[in-house]
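Engineer: Requesting a structural model of the entry that follows:
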Amino acid sequence: MEFQASARKWRPDTFVDVVAQSHVATTLKNAIRKERIGHAYIFSGPRGVGKTTAARIFAKAINCLNPVEGDPCNVCENCVDIKNGRFIDLFEIDGASNNGVDNVREIRDALRYPPQKGKYKTYIIDEVHMLSIGAFNALLKTLEEPPPYAIFIFATTEIHKVPATILSRTQRFDFRRITTSEIMDRLRYIVGEEKITADEEALLIIARKADGAMRDALSILDQLVAFFGKELTGSELAGILNVVEQELFFKVTDSILQKDVKGILNFVQDLVVKGYDLSEFIQGLAEHFRNLLVVVTTGEASLLDISDAYREKYLHIASNYHYMDLIRFLNLLSEAEVQIKNSNNSRLKVELVLSKLCTMEQTVQITQLLQQLNKVEKMIAAATSTRSSESSAVYNVKPEPVKVAPPVFQAEKIATAPKPAEPAPVKAESEILSEPEIKIAPPAPQKFQYSAPAREEKPAGRPTFPAGLRSATAQKAGQAEQQKSTEGTVTNPNQISITLDEIKQRWNGFIEFLTNQQKLVIASVLSHTEPGNWDGKTFTLRVYRGYEKSQIERFALDLSDLMARFYQIRPVIATDFRPDEIPDFMKDDTAVIFEQLKQNFPLVKLITDEFNAELLD
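Structural biologist: From the prediction side, this is the model:
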């Protein structure tokens, strides 16, 4: 008997036999049973998933003399003629080679004649996206108002190339990719009918190599049977198809758990000697770790597209991994996959990424770290309980504040700031420690106070300067005053009555005003402070961190000017520094929490300082 390819021999004859496309089959069967048959359909999806097969079954069903619940009977004269390719009213057209306007014109001319044998004249146009724009336009009118006996069925793998005017005139059906388990089930049935012996590993390799296409799987099966005969084993198939066995991926994970870099390098050597594609190996390893991630996060293996035997194996080894480790593995493999494609030395890239996976430390949750830190703290406290009073003393020396005079711009002279006062003498640490009975009280909160310079009223008009004495600074000051005059100034702002409650109520609006004025640094600083006191002249801000305190001191004059524009007051800016307090609005701040960890746990501070660690949001 003449050999026939398995893809043709086992082509489905009914909708039930179409693998993994039950949503399409059910809809078409119901349309036939209820006599709600449309005039145009378009089937889209990947290669080898049954688009053309479903179109032929549909053509048989609508012309069948004895249909069975929407399926063709496959025994009547019309069904047999369609199966053998000699039905006169069924036309299968290749869109790639018949893509011109003249070909569409021939179809339009043939539609003037009714079907000769069947009930419908059916046109199946495969790869319809290959038609030219002119051909699509010539088909529009016919497709919109065809004769009642004409039915069009389009098939395409690139639905995005089909014009919207065509899609709007058809019923669209999307064929999905066939899963590995569904391909294995179909192969298991076919090899049983063909009296072929194949183990589960062999079926899995064929299904994975097919990549979601049933036709590809059957073609691979024919190739393997021609080489091995009717005895197929997974270990023999892998070498012929150049596919990495699933067991090798588990071998890699075992080496990673044991941190066996030598074993990993020997493993890569074996891959190269056997001629495996290293790029495909990295892709398969990424899929392997993805399966582990699914099992670790969900606690079950039902979502894995593999055989049942390997599902059990994934469940068994999943307890050895943390999901954060698997995410890091997948990130490294994704980067390596891109690098291998663009590299002339793919072996080096594979060895490098596998060595990184072996030497990578495991992730530790913060709760576990805190528990370990608590144990360390208790051990340290027990060992140093006798001198805990000495170690708990804190000595703070309050430096003398340095008063800086504000700059004064004059035409004839420039005042210089007074010389800073020398700080008070500080006792040596040895002298302080020699006096254990003295209790040093914590320093009082430091207050910074900046007095805005007195602003003299200037006569109307532009100020005049003696010749040669107009400095660049004075020019900038004149430009700033001119710009303020255009924005609007405040007359005697300190005389305007406003209460502290009113300032607090409008505080968020003031920060938003600063953001709109592109004063982003000041706005960010003020968002971590809060109004403290207002006596009609001095405005005091409560500050809880040294950074905000230094920035307010730096931008005190600018802040006073901005408050004049928003609140209509020009206050003296002062700070009330409270480093030992944490307000409610800052308790959830990650930086504050991190600082508390460093203060409460010396080991965290030691790790942070030693490795120059940073807090990432």
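Engineer: so where's this protein shaky on pLDDT?
Structural biologist: 1, 239, 362-372, 377, 379-496, 612-617 (pLDDT under 70).
Engineer: mind redoing it with 80?
Structural biologist: Judged by pLDDT under 80, the chain has its weakly predicted residues at 1-3, 234-246, 301-309, 360-497, 584-606, 608-617.
Engineer: Span of stretch 500-516 from start to end?
Structural biologist: 24 Å (Cα to Cα, to the nearest Å).
Engineer: Just checking the distance from it to the centre of its chain.
Structural biologist: How far stretch 500-516 lies from its chain's middle: 37 Å, per Cα atoms, centre = their mean, to the nearest Å.
Engineer: Would you mark the buried spots in it?
Structural biologist: I503, R506, W507, F510, I511, F513, L514 (16 or more other Cβ atoms under 10 Å). Quick note: C-beta positions are derived from backbone N, CA and C, even for glycine.
Engineer: Also stretch 250-261?
Structural biologist: By neighbour count with 16+ other Cβ under 10 Å, stretch 250-261 contains the buried residues V252, T253, S255, I256, V261.
Engineer: quick check, distance from it to the centre of its chain.
Structural biologist: Centroid separation between stretch 250-261 and its chain, computed with Cα atoms, centre = their mean, is 28 Å.
Engineer: and if you look at stretch 339-356?
Structural biologist: Taking Cα atoms, centre = their mean, one finds stretch 339-356 lying 24 Å from the centre of the chain it belongs to.
Engineer: what sits up against that stretch?
Structural biologist: For stretch 339-356, contacts defined as Cβ atoms under 8 Å, 6 or more residues apart in numbering pick out 252, 256, 261, 264-265, 267-268, 271-272, 278-279, 281-282, 332-333, 335-336.
Engineer: Are any of these buried, and if so which?
Structural biologist: Counted by 16+ other Cβ under 10 Å, the contacts of stretch 339-356 give 252, 256, 261, 264, 267-268, 271, 278-279, 281-282, 332-333, 336 as buried.
Engineer: Present those as JSON lines; the columns should include secondary structure and distance to P146.
Structural biologist: Listed next are the buried ones among the contacts of stretch 339-356 as JSON lines, based on DSSP: H, G, I helix; E, B strand; the rest coil; distance: Cβ to Cβ, whole Å:
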{"residue": "V252", "secondary structure": "helix", "distance to P146": "58"}
{"residue": "I256", "secondary structure": "helix", "distance to P146": "62"}
{"residue": "V261", "secondary structure": "helix", "distance to P146": "69"}
{"residue": "I264", "secondary structure": "helix", "distance to P146": "64"}
{"residue": "F267", "secondary structure": "helix", "distance to P146": "62"}
{"residue": "V268", "secondary structure": "helix", "distance to P146": "61"}
{"residue": "L271", "secondary structure": "helix", "distance to P146": "57"}
{"residue": "L278", "secondary structure": "helix", "distance to P146": "54"}
{"residue": "S279", "secondary structure": "helix", "distance to P146": "49"}
{"residue": "F281", "secondary structure": "helix", "distance to P146": "52"}
{"residue": "I282", "secondary structure": "helix", "distance to P146": "51"}
{"residue": "L332", "secondary structure": "helix", "distance to P146": "57"}
{"residue": "L333", "secondary structure": "helix", "distance to P146": "52"}
{"residue": "A336", "secondary structure": "helix", "distance to P146": "54"}
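Engineer: Could you point out which of these is nearest to K519?
Structural biologist: L332 (42.7 Å; Cβ to Cβ).
Engineer: Identify the residue spatially nearest to that closest one, adjacent ones excluded.
Structural biologist: Leaving aside its chain neighbours, L332 sits nearest to V353 (5.6 Å; criterion: Cβ to Cβ, 6 or more residues apart in numbering).
Engineer: In which helix or strand does N78 reside?
Structural biologist: Using DSSP states H and E, N78 sits in helix 77-84.
Engineer: circling back: so where does the residue nearest to L332 fall, helix or strand?
Structural biologist: Assigned by DSSP H and E, V353 belongs to helix 346-359.
Engineer: Farthest pair within the buried residues of stretch 500-516?
Structural biologist: Greatest spatial distance among the buried residues of stretch 500-516 (Cβ to Cβ): I503 and L514, at 14.3 Å.
Engineer: could you pull out the strands for the stretch 451-600 of the chain?
Structural biologist: Counting by DSSP state E, counting those that start in this stretch, the stretch 451-600 of the chain has strands at residues 530-534, 538-543, 572-577.
Engineer: Next: the stretch 1-150 of the chain.
Structural biologist: Secondary structure of the stretch 1-150 of the chain (DSSP E, counting those that start in this stretch): strands at 40-44, 90-94, 121-126, 150-156.
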